[in-house]
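A.B. asks: Got a sequence here, can you model it:
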Amino acid sequence: MAVTLKKLKDQVIVITGASSGIGLTTAEMAGEAGATVVLISRSEQALRDAVSRIRGKGGRATFFVADVGDEKAVRDIARSTVEQFGRIDTWVNNAGVGMYGKLTDTPIEDKRKLFETNFWGVIHGCHAAVEHMRRTGGAIINLGSIASDRSTPLLGIYAASKHAVKAYTDALRMELEYEQVPISVTLIKPTSINTPFIEHARSYMTNEPEFLSPVYPPEEVARAILYCAERPMRDIMVGGSAKMFGMLNKLSPRALDRYMEATAFDQQKRPDRNDHRDSLDAPQRDGNRRGPTTRHTLKRSLYTRASLSGATRVVPFLVIGAVVSAAAALTRSREAWPDTGRPSSLSA
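C.D. replies: As a prediction, this is how the structure comes out:
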């Protein structure tokens, strides 16, 4: 089955969770590239502002206010998009929310709400997209996470939802390929990205949440998404640390357990006291690409850019270098545990 995808300037692209962070960045960059962009989120004012900016730069955009956990609403949006623009070429399932705290401290009701967005929202989007792209073809791009491959303490239920997204995405890809449906299915797996994620996440910690280092800009993820909208790809990791942790998890998962136990609990907390404001039940503080992280944000990911450029000779060396450096740091950390109990920060 050959999947042929259009150039961005000729596409109609639907993006969920488009009122902030990765979704907003992707929508604005897609608009600048000439695509017709359909933005979906729960935050009407942020969507209006985003569409106004895209149109102000000569782009084509519209929006729908909806919760992706509502299957009927998502299907109605897909139908309205086809009625208005004639087709859907790419559907990006980006909407998501985080939750910090020990698994035994987070209420079941909140865990279910998170899955309604992070997992069921993806399913609803995929079903709507397949229904309208089955004959015309196109791309479905789901946002997973490095947490799809490697769980993190204090972020366990979020990681569980992203594990579920990965499993669903892999199965859907195989089923569509078996049926020879001309739809590419891609999973994007970012590491820590400077978005309002930590601001929007529900937290059961005493302190406000923080990202694990290193942190990358949302433009790196948007660039990967738009690349896959034009070229069929199975999956893409955004950030060299995502690839590094993925490989370390395969090479020495128990050692990585110990490292995470010794570092992740402290590193995922800001000094600020928890203000108990979040977006689990309703949108808040929306409309920004970036968030309140105190971590330094890198300008780019050399690993991801090399992967997208097709520099196949360069990527293995970048990965090997990252893994060797990380393994050395991990070894030093393990040696230090008996004395300090806390290894130094792992970077990549």
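A.B. asks: Please point out which parts of the helix or strand encompassing M29 sit buried.
C.D. replies: M29 belongs to helix 21-32 when elements are defined using DSSP states H and E. Buried residues in helix 21-32, counted by 16 or more other CB atoms under 10 Å: 21-31. From N, CA and C alone the C-beta is placed, and that goes for glycine too.
A.B. asks: what's the farthest-apart pair in those residues?
C.D. replies: The distance between the two most remote of the buried residues of helix 21-32 (CB to CB) is 16.2 Å, for G21 and G31.
A.B. asks: on that earlier part again, same for the helix holding M29, what does it pack against?
C.D. replies: If contacts are counted by 3 or more CB pairs under 8 Å, 6 or more residues apart in numbering; DSSP states H and E, helix 21-32 sits against strand 12-16, strand 36-41, helix 44-56, strand 60-65, helix 218-230.
A.B. asks: out of these, nearest to S161?
C.D. replies: Minimum separation from S161 across the helices and strands packed on helix 21-32 (CB to CB) falls at strand 12-16, 14.6 Å.
A.B. asks: Report the mean confidence score over stretch 198-217.
C.D. replies: The pLDDT scores in stretch 198-217 average 96.
A.B. asks: can you give me the offset of that stretch from its chain's centre?
C.D. replies: 15 Å (CA atoms, centre = their mean, to the nearest Å).
A.B. asks: now the buried residues of helix 21-32 as JSON lines including pLDDT?
C.D. replies: What follows is the buried residues of helix 21-32, written out as JSON lines (pLDDT from 0 to 100):
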{"residue": "G21", "pLDDT": "98"}
{"residue": "I22", "pLDDT": "98"}
{"residue": "G23", "pLDDT": "98"}
{"residue": "L24", "pLDDT": "98"}
{"residue": "T25", "pLDDT": "98"}
{"residue": "T26", "pLDDT": "98"}
{"residue": "A27", "pLDDT": "98"}
{"residue": "E28", "pLDDT": "98"}
{"residue": "M29", "pLDDT": "98"}
{"residue": "A30", "pLDDT": "98"}
{"residue": "G31", "pLDDT": "98"}
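A.B. asks: Put the alpha carbons of stretch 207-222 into PDB.
C.D. replies: Output of stretch 207-222 as PDB, limited to C-alpha atoms (Å, rounded to 0.1, in the frame of the first residue of the first chain):
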ATOM      1  CA  ASN A 207       4.900  22.100  45.400                       C
ATOM      2  CA  GLU A 208       4.200  23.100  41.900                       C
ATOM      3  CA  PRO A 209       5.300  20.600  39.200                       C
ATOM      4  CA  GLU A 210       8.500  21.000  37.100                       C
ATOM      5  CA  PHE A 211      10.000  19.300  34.100                       C
ATOM      6  CA  LEU A 212      12.900  16.900  34.100                       C
ATOM      7  CA  SER A 213      15.900  18.300  32.300                       C
ATOM      8  CA  PRO A 214      16.700  18.800  29.500                       C
ATOM      9  CA  VAL A 215      13.800  20.800  28.200                       C
ATOM     10  CA  TYR A 216      13.200  21.500  24.500                       C
ATOM     11  CA  PRO A 217      11.000  24.200  22.700                       C
ATOM     12  CA  PRO A 218       7.600  23.300  21.400                       C
ATOM     13  CA  GLU A 219       8.700  24.300  17.900                       C
ATOM     14  CA  GLU A 220      10.800  21.200  17.700                       C
ATOM     15  CA  VAL A 221       7.700  19.000  18.200                       C
ATOM     16  CA  ALA A 222       5.700  21.100  15.800                       C
END
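A.B. asks: What is the helix or strand containing I77 packed up against?
C.D. replies: Here I77 sits within helix 71-85, counting by DSSP H and E. Under the contact criterion of 3+ CB pairs under 8 Å, 6+ apart, helix 71-85 touches strand 12-16, strand 36-41, strand 60-65, helix 120-133.
A.B. asks: Of the ones you listed, which is nearest P217?
C.D. replies: Closest approach to P217 among the helices and strands packed on helix 71-85 is made by strand 12-16 (17.7 Å; CB to CB).
A.B. asks: Show me what that closest one is packed against.
C.D. replies: Using 3+ CB pairs under 8 Å, 6+ apart: strand 12-16 touches helix 21-32, strand 36-41, helix 71-85, strand 90-93, helix 120-133.
A.B. asks: Adjacent strands (with direction) for the fourth one?
C.D. replies: Looking at strand 90-93 with DSSP bridges, its partner strands are strand 12-16 (parallel), strand 138-143 (parallel).
A.B. asks: what's the next helix or strand along the chain from that strand in contact with?
C.D. replies: Per DSSP H and E, strand 90-93 leads on to strand 99-100 as the next helix or strand towards the C-terminus. Contacts of strand 99-100 with the rest of the structure, by CB atoms under 8 Å, 6 or more residues apart in numbering, involve 106, 110-111, 114, 154-155, 157-158, 201-205, 209, 268, 280.
A.B. asks: Name every strand pairing with strand 99-100 and say which way it goes.
C.D. replies: Strand pairing for strand 99-100, determined by DSSP bridges: strand 202-203 (parallel).
A.B. asks: what packs against the next helix or strand along the chain from the strand it pairs with?
C.D. replies: Following strand 202-203 in sequence order, the next helix or strand is strand 207-209 (DSSP H and E). Packed against strand 207-209, as judged by 3+ CB pairs under 8 Å, 6+ apart, are the following elements: strand 269-273.
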